[in-house]
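Chemist: Just a sequence and a predicted model for now, questions to come.
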Amino acid sequence: MTARRRRGRIVWDLVGVALFVVLVFPVYWMVATAFKPDAEIISIDPTWIPLHPTLAHFRHAIRQPYFWQDVRNSVIVVLVTVGISMVLAFLAAVALAKYRFSGRKLFIVLVIGIQMLPAAGLIIPLYVVLARYHQVNVLSGVILTYMTFVLPFSVWTLRGFLIAIPRELEEAAMVDGSSRLGAFVRILLPLVAPGLVATSVFAFITTWNEYIFARVLLNDQSKQTVTVWLSYFLGSSKHTDWGALMAASTLTAIPVIVFFLLVQRKIAFGLTAGAVKA
């Protein structure tokens, strides 16, 4: 039995390593290509490691028109969307987890149902509504659009974290003389902080990497996000600057990686804390 378990563990370890390689290799190839000179990129024989690394592609990418302006647009859209969504989602999740009111179950079902809708199917109705209120080709329209699919996910996720927090903790604080607001700030908010961090990470990644809505709603290059700016590197198969494209893609991925590294200590706990009850 010991030998059989050992062989089974080795097999699963190999499967895990193979899966890791499959997931990481595209990212590695993107970064490696960004540092390769053009001769190594277009060579028939693949170059696995850059033999003559260069930063020319990065310099070419950041000198493209509207790069820094579109980066600023993406930062504004992401920060506003995530900030407003976390506040509204937290308040809505508190109401759903801690209070009983008419229509509560229907609201939960609607939250789940909205997440099941394909994002591409919402483009036309959202565009019509936003155009009626002059929110096309402006960042505020994109922010409202992103909140339509970030908010339901955030509400549903935070609700799981809040349900796992015993009500007795708040009641004990109120018995000791704390007000309901004081118990909310001192007891509930610190306990749900890992859940807020984990949810904000997923909201950040989803919003930063979104392309379809930004491409449809933003027509002016000076108002577009960095993912839309990235698409302008794609031309015909003979004229695509693959080195600059990979360098620009690497630069686009850096903010997500940095944000993840800053909060990664709380993500592991946050991902499992809400799994106690649902």
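Modeler: That came through fine. Numbering: from 1, shown residues only.
Chemist: Now the helix or strand harbouring Ile205: buried residues?
Modeler: Secondary structure from DSSP states H and E places Ile205 in helix 189-209. Neighbour counts over helix 189-209 (16 or more other C-beta atoms under 10 Å) mark 191-192, 194-204, 206-208 as buried. Where C-beta positions appear, they are placed from N, C-alpha and C, glycine not excepted.
Chemist: for stretch 32-45, same thing?
Modeler: Ala32, Thr33, Ala34, Phe35, Lys36, Pro37, Glu40, Ile41.
Chemist: chain center to that stretch, what's the gap?
Modeler: 30 Å (C-alpha atoms, centre = their mean, to the nearest Å).
Chemist: quick one: average pLDDT of it?
Modeler: Stretch 32-45 shows an average pLDDT of 86 in the prediction.
Chemist: how far out from the middle of the chain is stretch 151-165?
Modeler: 17 Å.
Chemist: same question for that stretch, mean pLDDT?
Modeler: Rounded mean pLDDT across stretch 151-165 is 84.
Chemist: Likewise for stretch 233-253?
Modeler: Rounded mean pLDDT across stretch 233-253 is 78.
Chemist: Please enumerate residues in contact with that stretch?
Modeler: 27, 30-31, 33-34, 36-38, 41-42, 56-58, 60-62, 64, 67, 226-227, 229-230 (C-beta atoms under 8 Å, 6 or more residues apart in numbering).
Chemist: let's see it at 6 Å
Modeler: Met30, Val31, Thr33, Ala34, Asp38, Ile41, His57, Phe58, His60, Ala61, Val226, Leu230 (C-beta atoms under 6 Å, 6 or more residues apart in numbering).
Chemist: what helix or strand does the second one sit in?
Modeler: Spelled out, that is Val31. Per DSSP H and E: helix 2-35 holds Val31.
Chemist: same for the helix or strand following that helix, what does it pack against?
Modeler: Downstream of helix 2-35, the first helix or strand assigned by DSSP H and E is helix 38-41. On a contact count with 3 or more C-beta pairs under 6 Å, 6 or more residues apart in numbering; DSSP states H and E, helix 38-41 meets helix 242-273.
Chemist: Arg180: which of the buried residues of stretch 32-45 is nearest?
Modeler: Closest approach between these and Arg180, by C-beta to C-beta: Ala34, at 53.4 Å.
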